[in-house]
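> curious how this folds, go ahead:
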Amino acid sequence: MHITFLLLLAWIAAVQWSRGGAQEALSGVLFILVLFGCVLLHEFGHIWAARRYGIRTPDVTLLPIGGVAALERMPEKPSQEIVVALAGPAVNLVIAVVLIAALGLRFDPAQMSLDALQQTFLAQVAIANVVLLVFNLIPAFPMDGGRVLRALLAMRLGYARGTKVAAGIGQILAVGFAFLGFMGNPILVLIAVFIFLAAAGEAGMVEARELTRGHPVTEGMITAFEPLGVTATADDAAALLLRTTQQEFPVLDGAGRLRGVVTRKAIIEALREGSGAKPALEIMEADVPAVPASEDLAAAASLLRRSRAGFVGVVDRSGRLIGYLTPENLSELMMIGASRDKSGTGWLGG
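From the prediction side, this is the model:
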């Protein structure tokens with residue numbers, strides 16, 4: 001749950017309190033909680049569909065503008081992406097249909113007016129789910145409708161080109177949302193910003209995957225680095241931080257095997273606490289992924305995006321660390337690779 005979601009609840013409570021006191025505030029907060037419960041079920045629709053194709057989902061984040069399920073990857077087969085994308089709106093459709101049926105509204109057309117529906121709490125939830133269904137199907141990538149559009153385009157244009165076109169359409173629609181939002185709906189402006197940035201980010205991620213696919217991780221890893229030994233301290237790490245341009249320091253045992261990584265942030269925090277003598281083993285991030293030197297660079301880059309430490313080690317057959325990837329050097333690699341690709345000189349000039 002993102003901190004801004006709690007701020008949203010506080011804002012709703014304050015607005016409703018000013019309108020009708022404690023009862024209105026409680027009712028408003030309860031409605032938002034139930035609504036976001038539906039949003040969470042929407043995200044689990046994506047999760048359950050993705051699991052069918054062997055795709056895990058480490059977490060779901062609730063934001064004021066909705067939920068985001070962090071799938072490990074999106075299925076590259078267009079038909080599978082369509083299923084995963086539509087699974088979320090399908091959940092909202094089921095919720096709306098169940099609630100409308102439970103309220104008996106289908107048997108009394110006179111009650112189907114918006115004013116009549118808004119008279120009851122459950123009817124408001126039903127309306128909200130219909131709105132969520134329709135809104136998520138707008139073809140603004142990377143929303144659900146935009147992902148369906150990307151999948152359909154990918155069938156004709158290929159995955160990378162389809163993503164680029166869908167992202168462009170999504171950004172155009174985002175500008176339209178922002179224009180409408182400035183006319184009196186600030187939430188729409190936030191959604192527009194999210195869509196615009198997310199579309200650009202995912203398009204860049206797909207481009208990066210296409211550029212790195214088929215190349216070994218050894219072509220992009222950092223090979224010149226200063227490691228820390230298992231007996232090193234935070235002061236030793238600080239000395240290396242000053243002496244080198246590194247922002248992270250792998251901790252290696254006597255055989256050169258990776259034990260963890262000490263980040264710049266961990267070093268500064270230890271020094272602020274006056275714990276310069278603290279062992280590196282106690283301030284390092286121990287849960288760091290490592291891949292063999294033969295691993296595909298695209299797969300290693302995908303692993304890097306999920307790494308909490310922002311670090312992926314590269315090891316030889318004996319498990320000895322021979323290099324590593326960070327978001328910074330991967331970004332530079334992408335810029336160089338994209339420039340080489342446009343000039344026709346091939347990947348990294350090779």
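> contacts and neighbour counts: CA atoms only from here.
Noted.
> this protein: helices as residue ranges?
Applying DSSP state H to the chain gives helices spanning 3-20, 22-52, 78-102, 114-117, 121-136, 144-157, 159-181, 186-212, 234-243, 264-272, 280-283, 297-306, 327-343.
> tell me how many other residues surround residue 58.
Neighbourhood size, residue 58 [other Cα atoms under 10 Å]: 11.
> quick check: closest non-adjacent residue to it.
Excluding the flanking residues, the one nearest residue 58 by Cα to Cα, 6 or more residues apart in numbering is residue 70, at 6.4 Å.
> tell me the pLDDT at the one you found?
In the prediction, the pLDDT value recorded for residue 70 is 77.
> quick check: bridge partners of it?
Taking DSSP bridges as the rule, residue 70 bridges to residue 59.
> wouldn't it be in contact with residue 50 here?
No - contact status for residue 70 versus residue 50: not in contact, 10.9 Å apart, counting by Cα atoms under 8 Å.
> ok, those two, which is more surrounded?
A side-by-side neighbour count of residue 70 and residue 50, using other Cα under 10 Å, places residue 50 first with 24 against 17.
> mind checking how far the more buried one is from residue 273?
To residue 273, residue 50 is 44 Å away according to Cα to Cα, to the nearest Å.
> swap in residue 75?
The spacing between residue 75 and residue 273, counted by Cα to Cα, is 45 Å.
> looking at the two, which is more packed in?
Set side by side, residue 75 and residue 273 give different neighbour counts by other Cα under 10 Å, the larger being at residue 75 (18 against 8).
> which residues does the closest residue to the more buried one other than its chain neighbours contact?
Distances taken as Cα to Cα, 6+ apart put residue 81 closest to residue 75, at 5.5 Å, once the chain neighbours are dropped. Contacts for residue 81 (Cα atoms under 8 Å, 6 or more residues apart in numbering) come out as 74-75, 147-148, 151.
> again, 10 Å this time
For residue 81, the contacting residues are 46, 49-50, 53, 74-75, 87, 144, 147-148, 150-152, by Cα atoms under 10 Å, 6 or more residues apart in numbering.
> show me which of those residues are buried.
Applying a neighbour-count criterion of 16 or more other Cα atoms under 10 Å, the buried members of the contacts of residue 81 are 46, 49-50, 74-75, 87, 144, 147-148, 150-152.
> closest one of the residues you listed to residue 249?
Nearest to residue 249 among these: residue 74, at 31.7 Å, using Cα to Cα.
> residue 191 contacts residue 179, doesn't it?
No - look at residue 191 against residue 179 with Cα atoms under 10 Å: they stay out of range, at 11.6 Å.
> break the protein down into its domains, please.
In the assignment given by automatic domain parsing, the structural domains of the chain cover 3-212, 217-349.
> how close does the spatially most central residue of the chain sit to residue 330?
Taking Cα atoms, centre = their mean, the centroid of the chain lies closest to residue 70, which sits 4.9 Å from it. Residue 70 sits 21 Å away from residue 330, taking Cα to Cα as the criterion.
> where does the nearest residue to residue 155 once chain neighbours are set aside land on pLDDT?
The shortest distance from residue 155 to any non-neighbouring residue, by Cα to Cα, 6+ apart, is to residue 78 (6.6 Å). The confidence metric pLDDT takes the value 90 at residue 78.
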